[in-house]
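Chemist: sequence below, structure please.
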Amino acid sequence: MLEEIRQQPETLERTLRSELKSIERFKKLMEKRRPRLVVLAARGTSDNAALFGRYLLEITTGIPVSLAAPSIYTLYNVRVDFRDALVVAISQSGESTDTNLVLSQAREQGALTIGITNEPSSSLAKLAQEVFLVRAKREKSVAATKTYTGQVLMLYLLAYALGGKIRMDDLARLPDRAQMALRTESEIAALSERYRFMDHAVVVGRGLNYANAFEFALKMMETCYVVAERFSSADFLHGPIALVEQNFPMFMFAPSGVTWPAIRVAIYKLNQLKAETVVITDAGNRPAAEIATRTIRLPQRIDELHTPIPYIIPAQIFTAHLAAQKGLNPDQPRTLTKVTRTL
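Modeler: Numbering: from 1, shown residues only. Below is the predicted model:
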């Protein structure tokens, strides 16, 4: 897992370099066939990437985005009207049975279909009309890391192709920002020792980092066996905050920008409850470090739009080192396999 976390800068750079020509071609197609709706279908970690995609696409393009519920198709046998929609299936392996079925039905109804996957010879790659590859090479650890950030990058490229307010120069900086995030490893390894006996936690994010809250919590659950809940700061204050007591571990994504005021309010309330807040932020948000119990701060200022990839990397590192602190193997979590097929 740690080895694959460290491969992310080169994975991002390789994906950008290899897929840019296809994206530019697709962009020209979308100028003539702009969808009225985008539907994203995924499971597991890929579903967390899709959740990010919903925020990103709606924020940058204004096109409404729906997250598919595959059970509607696989269990209830309902045919959904996909006319004039763009349907995107996201899968690391490309062998997720239910997401592939969503894509198949959409294509039968005349929707334009896209597959985002790490496996060029997968069922998904053969099924989709347009295929965009995450160039992560083989991912051996069951806990997905480099494929997650690769999928997030592909969703930036999809937003760009749909006419979103995305600048390629900014995306070209993401590999360097991933490398910068990797330089926090020694600090995070030391921090993880404090949480060796942690068995429950809450992760909070908002907006573009809401999906990272889901992904961080998922990694703690599957590799460290920590019961980790995840919330937006708004939802958390509407009820779940009642479970917080002294020293309760709270992990929070805190970029500067429009989501910071809400995150700041949550931190102040948690301070009153004497909770322990661990904040992931950057040099552009100094107040976060001043009010949190502990801070993982990236040394450069990053615009909120581009924080999700560099922010999730410290969370991945923390999870891998926490698993080691607990004497667990994060590459082979109990009862899990790399490819999961569900209906």
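Chemist: separation between residue 313 and residue 198?
Modeler: Per CB to CB, to the nearest Å, residue 313 is found 20 Å from residue 198. Using the backbone N, CA and C atoms, a C-beta is placed for each residue, glycine as well.
Chemist: the two: which is more packed in?
Modeler: When residue 313 and residue 198 are compared on other CB atoms under 10 Å, the one with more neighbours turns out to be residue 313, at 28 against 18.
Chemist: let me see the contact set for residue 328.
Modeler: Contact analysis of residue 328 by CB atoms under 8 Å, 6 or more residues apart in numbering lists 223, 224, 225.
Chemist: can you pick the most crowded of those residues?
Modeler: Counting neighbours by other CB under 10 Å, the one among those with the most is residue 224, which has 28 neighbours.
Chemist: please name every helix or strand in contact with the lengthiest helix in the chain.
Modeler: Across the chain, the longest stretch assigned as helix under DSSP state H is helix 8-32. Helix 8-32 sits against strand 130-133, helix 146-161, helix 168-172, helix 174-182, helix 308-325, with contacts defined as 3 or more CB pairs under 8 Å, 6 or more residues apart in numbering; DSSP states H and E.
Chemist: ends of stretch 163-179, what's the gap?
Modeler: The first and final residues of stretch 163-179 sit 28 Å from each other (CA to CA, to the nearest Å).
Chemist: got the contact list for it?
Modeler: Among residues not part of stretch 163-179, those counted as contacts by CB under 8 Å, 6+ apart are 8-10, 12-13, 16, 20, 27, 30-31, 34, 56-57, 60-61, 149, 153, 156-157, 159-160, 298, 300, 302-303, 305-306, 309-310, 313.
Chemist: list only buried entries from those residues.
Modeler: When the contacts of stretch 163-179 are checked for burial by 16 or more other CB atoms under 10 Å, the buried set is 8-10, 12-13, 16, 30, 56-57, 60-61, 149, 153, 156-157, 159-160, 298, 302, 305-306, 309-310, 313.
Chemist: tell me how far the spatially most central residue of the chain lies from residue 160.
Modeler: Using CA atoms, centre = their mean, the residue of the chain that lies closest to the mean C-alpha position is residue 49, 3.9 Å off. Distance of residue 49 to residue 160, computed by CB to CB: 16 Å.
Chemist: next one: residue 77
Modeler: 36 Å.
Chemist: thought residue 123 was touching residue 94?
Modeler: Yes. The pair formed by residue 123 and residue 94 meets the contact definition of CB atoms under 8 Å, at 5.8 Å.
Chemist: so between these two, which is more surrounded?
Modeler: Under the criterion of other CB under 10 Å, the comparison of residue 123 against residue 94 puts residue 94 first, with 26 against 19.
Chemist: so what's that one up against?
Modeler: Listed by CB under 8 Å, 6+ apart, the contact partners of residue 94 are 100, 115, 117, 118, 119, 122, 123, 124, 125.
Chemist: re the thing from before, which of the contacts of residue 328 lies closest to residue 1?
Modeler: Out of the contacts of residue 328, the one with the shortest distance to residue 1 is residue 223. That distance is 7.2 Å, counting by CB to CB.
Chemist: quick one: that closest one and residue 327, what's the gap?
Modeler: With distances defined as CB to CB, the gap from residue 223 to residue 327 amounts to 12 Å.
Chemist: can you check residue 261 too?
Modeler: Distance, residue 261 to residue 327, using CB to CB: 41 Å.
Chemist: who has more neighbours out of these two?
Modeler: With neighbours defined as other CB under 10 Å, residue 261 and residue 327 compare such that residue 261 has more, 11 against 7.
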